[in-house]
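1. Just the structure for this:
(chains A and B)
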Amino acid sequence: MSGVLAKFMTQIRFIAGALALAFVISVATPVSAQQPSSVNPTASSVKEQQLLQELNRIQGRVSIPDRKSDVLEQPAGREWRQWHQVTLRWIGGIAILGMLALLVVFYLVRGQVKLESGFSGRKIVRFNALERFVHWLTASCFVILAISGLNITFGKPLLLPLLGPSAFSTWSELTKYSHNFLSFPFTIGVVLIFLMWIGSNIPNGNDVEWFKRGGGIIGHDHPPAGHFNAGQKMIYWIVVLGGGASAVTGYLLLFPFYGTEIAGMQLSQIIHSVVAMLFIAAMLGHIYIGTIGMEGAFEAMGEGTVDVNWAKEHHRLWLEDELARGTSTAAERSAAAARPAE
Amino acid sequence: MARMKFLCDADRCIECNACVTACKNENDVPWGINRRRVVTINDGKPGERSVSMACMHCTDAPCASVCPVDCFYTTADAVVLHSKDLCIGCGYCFYACPFGAPQYPKVGNFGSRGKMDKCTFCAGGPEADGSKEEYEKYGANRLAEGKLPLCAEMCSTKSLLAGDGDVIAQIYKERVSKRGYGSGAWGWQTAYREAIAT
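-> Numbers count the residues shown, from 1 in each chain, chains lettered A, B, ... in the order given. Model prediction:
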């Protein structure tokens, strides 16, 4: 019985196998006949031009540990180059040279803002030791940061031909390190300035009037002002916002790939540099009015005291407040100011 | 003189990373730096492609243009090289480079960059050809020995071509016409402002 069944099964398998073979041949023959060289793998593959058009960058995956190298192409680098080599130099040049020219013209036309009532010889404390320390900490860092930053943008065309490649590189490396390290005390200074003077820098109605009357800089008016006038409030907000923006973008560049990738770094550099150029221009104006631009102004930050007549002319409301705060305090402050050394 | 270029035939690259390894070994590239890498696009999906990429030695190179200390120079073979003596490690060439070629060893505090390192087309640096100083700073100078970059020489599928731009473009064109397809020379439009018609 089992022998017959096995024979039958063998026959079935043979027939089934023959049928399957016939089927495979009948199906396969036309396919292989259709297959000369018309397969085009590129038709279904990723294409460079298409990828660039979609995102202007090509990113994939790398098997090496350095994952941030997975950006294959970022032609935006060429646009950033245009920004750095052309646009930024124009912005910086116009802002800084323009401001310098403006100040020279202004000085020649208007001259120094004189203390019209003359020096009284009586002094009042304007900035205490902490305030002056914070100001000069920030200011000295700012000057070095500005020079080292300008060196990156303008050093190659201006300084390199004078110093030669080797000396210029040594100088530039030094300025790079100063820029990196002094950013920390500068940032601390900006934060302290923000906290220390925020109370007297909130814009109010006096500021509108101050601007309307030319701030006493244009013309010889003396619009009333508190501890800080509208012009000084502008400087305050430029320092706080400009300094804040430079600090944030600067640290993104100082710590590459911690917070941003390449596109973010390009944007950070753009913001950092344009803010810095305008910041420098604004500070030139600040330095001017704090030194040769106004009689009796420098001593406020220099020694910390100002002449009472100076306070009366330029910060009348502040002087009134100080005096109203109590004769004892005012006297105390005058006494403190009269002491020869700090 | 020849105008040296790289060309990666993406239809042949199998992402074996032999070019990456060859480069690291030949040039004694320090830890954490890859002068060449293979990027796979659409990895694991139909139509994925791998491209081996390093410095493309661009025409009118953006890195050289933005360098604040002007440490780049172009050789007679149109290879873009730089001087590590002049480089200050500011990172600007990395912002400008369309191919992510410049690499910086991490030195000192926080993320501060050391002197930039990148593919030299196996052509060394400004020091005397084949000198010990040149090798220590930039790696091998195979071009001075009459050899082409090792990455392309070692490519197992001959996907990566290195040499005179006209010659390798011709090889690629013949390949494309013979096999009937080709996805083009990746990066050429960006680096050289010209593409190879396929």
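
2. C-alpha only now, for contacts and for neighbours.
-> Will do.

3. residue contacts, the residue lying closest to A:E48 once chain neighbours are set aside?
-> Spatially, and ignoring its direct neighbours in sequence, A:E48 is nearest to B:W186 (6.4 Å; Cα to Cα, 6 or more residues apart in numbering or on different chains). Contacts here follow Cα atoms under 8 Å, 6 or more residues apart in numbering or on different chains; on that basis B:W186 touches A:48, B:7-10, B:51.

4. Check B:L161 too.
-> B:6-9, B:152-153, B:168 are the contacts of B:L161 under Cα under 8 Å, 6+ apart.

5. Which two among those are spaced furthest apart?
-> Spanning the widest gap among those are B:D9 and B:E153, at 14.1 Å by Cα to Cα.

6. what about those two, which has more around it?
-> Remark: of B:D9 and B:E153, B:D9 carries more neighbours, 24 against 15, as counted by other Cα atoms under 10 Å in any protein chain shown.

7. Check that one and give its pLDDT.
-> For B:D9, the model assigns a pLDDT of 95.

8. give the contact list for it.
-> B:D9 neighbours (Cα under 8 Å, 6+ apart): B:51, B:159-161, B:172, B:182-186.

9. Next: A:K312.
-> Taking Cα under 8 Å, 6+ apart, one finds A:L319 in contact with A:K312.

10. do A:R81 as well
-> B:62, B:65-66, B:96 are the contacts of A:R81 under Cα under 8 Å, 6+ apart.

11. which SSE is it in?
-> Per DSSP states H and E: A:R81 is located in helix A:76-82.

12. do the same with B:A191
-> Judged by DSSP H and E, B:A191 forms part of helix B:188-192.

13. Pull the residues that contact that helix.
-> So helix B:188-192 is contacted by A:75, B:7, B:56-59, B:61, B:98, B:194-196 (Cα under 8 Å, 6+ apart).

14. Quick one: mean pLDDT for it?
-> Rounded mean pLDDT across helix B:188-192 is 94.

15. hey, where'd the strands end up in chain B?
-> B:4-8, B:37-41, B:49-53, B:72-74, B:80-82, B:160-164 (DSSP state E).

16. does the third one come close to chain A?
-> Meaning strand B:49-53. Yes. Applying Cα under 8 Å from any Cα of the partner chain, one finds strand B:49-53 in contact with chain A at B:49, B:53.

17. Am I right that A:L72 is in contact with B:F99?
-> Yes. Contact criterion Cα atoms under 8 Å: A:L72 and B:F99 qualify, at 5.9 Å.

18. Overlap in contacts, those two.
-> B:M53.

19. other SSEs contacting the helix or strand following the helix holding A:R81?
-> Later in the chain than helix A:76-82, the nearest helix or strand by DSSP H and E is helix A:88-110. On a contact count with 3 or more Cα pairs under 8 Å, 6 or more residues apart in numbering or on different chains; DSSP states H and E, helix A:88-110 meets helix A:129-158, helix A:262-290.

20. State the paired neighbours of the following helix or strand past helix A:88-110 in the sheet, together with their directions.
-> Next along the chain after helix A:88-110, taking DSSP H and E as the criterion, comes strand A:123-125. Sheet pairing for strand A:123-125, assigned by DSSP bridges, gives strand A:305-307 (antiparallel).

21. Over the partner strand, what's the mean pLDDT, rounded is fine.
-> For strand A:305-307, the per-residue pLDDT averages 94.

22. Isn't A:A95 up against A:M277?
-> Yes. Under the criterion of Cα under 8 Å, A:A95 makes contact with A:M277 at 6.8 Å.

23. Between these two, point out the one with more neighbours.
-> Neighbours per residue (other Cα under 10 Å) separate A:A95 from A:M277, with A:M277 holding more: 22 against 19.

24. And the pLDDT for the more buried one?
-> 97.

25. any idea how far the nearest residue to it once chain neighbours are set aside is from A:Q82?
-> Distances taken as Cα to Cα, 6+ apart place A:G92 nearest to A:M277, at 5.2 Å, with adjacent residues excluded. Between A:G92 and A:Q82 the distance is 14 Å, computed by Cα to Cα, to the nearest Å.

26. And these two? Which one has more around it.
-> A:G92 (22 against 16).

27. Can you tell me what sits against the longest helix that chain B contains?
-> Looking across chain B with DSSP state H, the single longest helix is helix B:165-179. Applying Cα under 8 Å, 6+ apart, the contact partners of helix B:165-179 are A:37, B:2-7, B:9, B:161-162, B:182, B:196-198.

28. Which positions in the stretch 201-342 of chain A make contact with chain B?
-> A:254-256, A:262, A:265-266.

29. Tabulate those residues (JSON lines), appending distance to B:A22, neighbour count and pLDDT.
-> Listed next are these as JSON lines, based on distance: Cα to Cα, whole Å; neighbours: other Cα atoms under 10 Å in any protein chain shown; pLDDT from 0 to 100:
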{"residue": "A:L254", "distance to B:A22": "32", "neighbour count": "20", "pLDDT": "91"}
{"residue": "A:F255", "distance to B:A22": "30", "neighbour count": "15", "pLDDT": "90"}
{"residue": "A:P256", "distance to B:A22": "28", "neighbour count": "18", "pLDDT": "88"}
{"residue": "A:I262", "distance to B:A22": "27", "neighbour count": "20", "pLDDT": "92"}
{"residue": "A:M265", "distance to B:A22": "31", "neighbour count": "23", "pLDDT": "95"}
{"residue": "A:Q266", "distance to B:A22": "32", "neighbour count": "24", "pLDDT": "96"}
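
30. For B:N17, state which of those residues is nearest.
-> A:I262 (23.9 Å).

31. which ones are touching the nearest residue in space to the closest one that is not next to it in sequence?
-> Of all residues not flanking A:I262 in the chain, B:Y95 sits nearest, at 6.6 Å (Cα to Cα, 6+ apart). Counting by Cα under 8 Å, 6+ apart, B:Y95 makes contact with A:77, A:80, A:262, A:265-266.
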